[in-house]
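1. Sequence first, predicted coordinates after that:
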Amino acid sequence: MTGGPITPVADQNRDQPLLAVTGLTRHFGTSPVVRAVHEVSFTLDKGTVLGVVGESGSGKSTIGRLVLRLLETTAGKVSFAGQDLATLAPRELRRFRRHMQMIFQDPFASLNPRMTIGDSLVEPIRLHRGLDKATAHEEAALLLERVGLTREHLKRYPRAFSGGQRQRVAIARALASNPGFIVADEPVSALDVSIQAEVLNLLQDLQRDLSLTLMFISHDLSVVEVIADRVMVLYLGSIMELAPSAELFARPAHPYSAALMHAAPGSRPGGRRIVLAGEIPSPSAPPSGCVFRTRCPFVLPDCARLVPALRETTPGHWKACIRDDLVL
Amino acid sequence: MRSIAMSSTETGSEGATRAARRPVLEIDDLKTWFYTDTGIVKAVNGVTLSVAHGETLAIVGESGSGKSVTGLTIMRLLGRRTASTGGRVEGGQIRFHGRDGKSVDLVAVSDAEMTRLRGRDIAMIFQDPMSSLNPVFPIGDQIAEPIRIHKQLDRRTARRMAIGLLRDVGITDPERLVDAFPHQLSGGMRQRVMIAIALACDPLLLIADEPTTALDVTIQAQIIALLKRLQQERGMALIFVTHDLKLVEEIADQVAVMYASQIVEQGPAAEVLTHPRHPYSRALLACTPHGAGHGARLVPIPGVLPSPLQPPEGCRFHPRCALAIADCSRSAPELEHVGADHVSRCFRWRELAS
């Protein structure tokens, strides 16, 4: 793919993370206030994949939208390639958007049924990269080939495609502006398992070949384990644990991470399992102290009083739990 | 009209006699076709399977394999048989062995008899409990309804039984929640309510179509544990329709693998999942990300699911099969015994036994 004008991403200092999020908070509504995301901080290095896992209401999709500024923050800062996104004027933000794209769960809803695949691709290519029609068309064909489709598909409408093919088109569309950063929100969750394998392989290839930085949001731990370098475990809008993928799955340090792994069907046959009772509390009335304490089998009286800080227990391994005596 | 009352003592003995595999449902060469504008969709085309008392049979397959239509056909929930659209049973038998020792063919019984069987002897739960529950009635009324209809009990007794059922399905504070409306409950609670309704008349067979697919994984674990407990306590048979092989491992005694409207393999779950005797079962197991680990390269099944309007000649899986030989495109393999209670629809199953 041809490059556009010089990007701030290229100017960026190599040592600083591509994405730095501090104290990110998003509340919805008033009385009661729904606390969707609460004081979340993390960084994401260029060319790496961050897996974001959690159940419904954990805030994982909201974080994805906040870091792209598709949603405004209530508090906190999102800095992309050294640029504070909140300070960008609407016009600047629109130009900035070419560097950051999103892939959604439902490939049936994310493509315009009245536009050919070609038109769906040519539009962002021309908009973001200012290419003329013929060049943009050729770019669109190359993009389709890149995601495992053919240039003959350009003339077709989304209805002619299966779910897996549509997700390939959605990926091609996300790549159209030549972005460095992509948020993929449950990109393989709606797909059958054999198609899921194809799309996961494709995302892995693209990530490696284009050195993409990826935020991969999923409720499925096994998928995240395959693709992510680091994994962030969320519960009720807060980070419970953040660790390198292999480390997290081998040695979960937070009771919630362990419970999530044990709840996956087929895990630990015959082995000891942490089974959570009850349901996730409402984000409009989150528990005091540690938000997980109402379902935690290892809860102590202190857990209700203190919001546990996210602290680094071993290099690169962060957890928000006051207990260090647990064997999970 | 036959007497409706079925005492619980009669059903209580079902669970005790589990030694011999006594089928409660036997499906033989079932064909369910849909007549559409573009042609005949043979959604279920020659399905043969059986499930025994106290046993869990998982039907596993990808979208469009025919697994849900199989469940709906058993329940006769495919719309009027006389209608020009909708599903029609074009062949085969579904023999259901009832409490009184009598067997009926669910394909042939009258609508009136089917209405008596449905909800009383055979019940079904679905993926989305919100669209199965009536939003304008309290959940207690909805649990009491089948009890009042099938057992002809009065309102107060039915309400008391509804509270007991809510407690059975793990709802704390059932006296209060019996008057709650569906929108006041979480997804997991709604599915518990659906299970309570399904179990209200102590059915011999429960069909669960992807009952946990819409739920979070910690809630899914609770519902699976609940279904396993209830099934063991009541000795009922369970047909569990799912796309998730890992869930099969968790819940099923027997598994039937469906591909393109047919069963391609059925056998004991532990055996099929560890030593599949059909190339499709093997390929399905190979492409799951579970336990693949960081950076793993998954192995997709080549090609695409065939169109149900024009399935391939011969073995339906042959265009995607790594083991396909010339014979596979010419003649269609039958289900063949490959072990005790284990069948496979493949000419080359012996070569998979390694």
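-> Yes, it's here.
2. Could you find the closest non-adjacent residue to the residue in the stretch 51-200 of chain B positioned nearest to chain A?
-> Using Cβ to the nearest Cβ, the single residue of the stretch 51-200 of chain B nearest to chain A is B:E62, 4.2 Å away. The way it works is simple: take the backbone N, C-alpha and C, and place the C-beta from them, glycine included. Residue nearest to B:E62 in three dimensions, not counting chain neighbours: A:D192, with 4.2 Å by Cβ to Cβ, 6 or more residues apart in numbering or on different chains.
3. And the one you found, its phi and psi?
-> phi -60, psi 160 (degrees, to the nearest 10).
4. Name the next helix or strand downstream of the host helix or strand of A:Q101, please.
-> Using DSSP states H and E, A:Q101 sits within strand A:100-103. Using DSSP H and E, the helix or strand that follows strand A:100-103 in sequence is helix A:117-129.
5. Would you state the strands of the chain in chain order?
-> Looking at chain A here, since you left the chain open. A:19-28, A:34-44, A:49-53, A:75-80, A:83-84, A:100-103, A:181-185, A:213-218, A:230-235, A:238-244, A:311-314, A:317-319 (DSSP state E).
6. oops, I was thinking of chain B
-> Under DSSP E, chain B gives strands at B:23-36, B:39-52, B:56-60, B:87-97, B:103-105, B:122-125, B:205-209, B:237-242, B:254-259, B:262-268, B:336-339, B:342-344.
7. Give me the average confidence score over the last one.
-> It refers to strand B:342-344. For strand B:342-344, the mean per-residue pLDDT is 95.
8. Could you name the helices and strands sitting against it?
-> Counting contacts by 3 or more Cβ pairs under 8 Å, 6 or more residues apart in numbering or on different chains; DSSP states H and E, strand B:342-344 packs against strand B:262-268, strand B:336-339.
9. any idea which of the ones you listed is most buried?
-> strand B:262-268 (a mean of 24; mean count of other Cβ atoms under 10 Å in any protein chain shown).
10. residues from the stretch 101-250 of chain B in reach of chain A?
-> B:186, B:188-189, B:216-222, B:224-225, B:243-247, B:249-250 (Cβ under 8 Å from any Cβ of the partner chain).
11. swap the cut-off to 7 Å and go again
-> B:186, B:188, B:216-219, B:221, B:224, B:243-244, B:246-247, B:249-250 (Cβ under 7 Å from any Cβ of the partner chain).
12. per-residue pLDDT, the residue nearest to B:P182 when sequence neighbours are not counted?
-> Counting by Cβ to Cβ, 6+ apart, B:P182 lies nearest to B:L133, which is 4.2 Å off, once chain neighbours are set aside. pLDDT, B:L133: 93.
13. Over to B:R80?
-> In this model, B:R80 carries a pLDDT of 57.
14. And for B:M6?
-> Confidence for B:M6, expressed as pLDDT, is 33.
15. nearest to chain A, of the helices and strands packed on strand B:342-344?
-> From these, taking Cβ to the nearest Cβ, the stretch that ends up closest is strand B:262-268, at 14.3 Å.
16. what's the neighbour count on the spatially closest residue to A:T48 that is not a sequence neighbour?
-> Spatially, and ignoring its direct neighbours in sequence, A:T48 is nearest to A:D229 (4.6 Å; Cβ to Cβ, 6+ apart). Neighbours of A:D229 under the rule other Cβ atoms under 10 Å in any protein chain shown: 19.
17. re earlier: can you go through the residues of the stretch 101-250 of chain B next to chain A and name the buried ones?
-> Among those, those classed as buried by 16 or more other Cβ atoms under 10 Å in any protein chain shown are B:188, B:216-219, B:221, B:224, B:243-244, B:246-247, B:249-250.
18. Could I get those in CSV, plus columns for pLDDT and distance to B:L57?
-> CSV is the format used below for those (pLDDT from 0 to 100; distance: Cβ to Cβ, whole Å):
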residue, pLDDT, distance to B:L57
B:G188, 90, 24
B:D216, 90, 26
B:V217, 91, 23
B:T218, 90, 26
B:I219, 90, 24
B:A221, 92, 21
B:I224, 94, 15
B:H243, 93, 15
B:D244, 92, 15
B:K246, 90, 17
B:L247, 93, 13
B:E249, 92, 14
B:E250, 92, 14
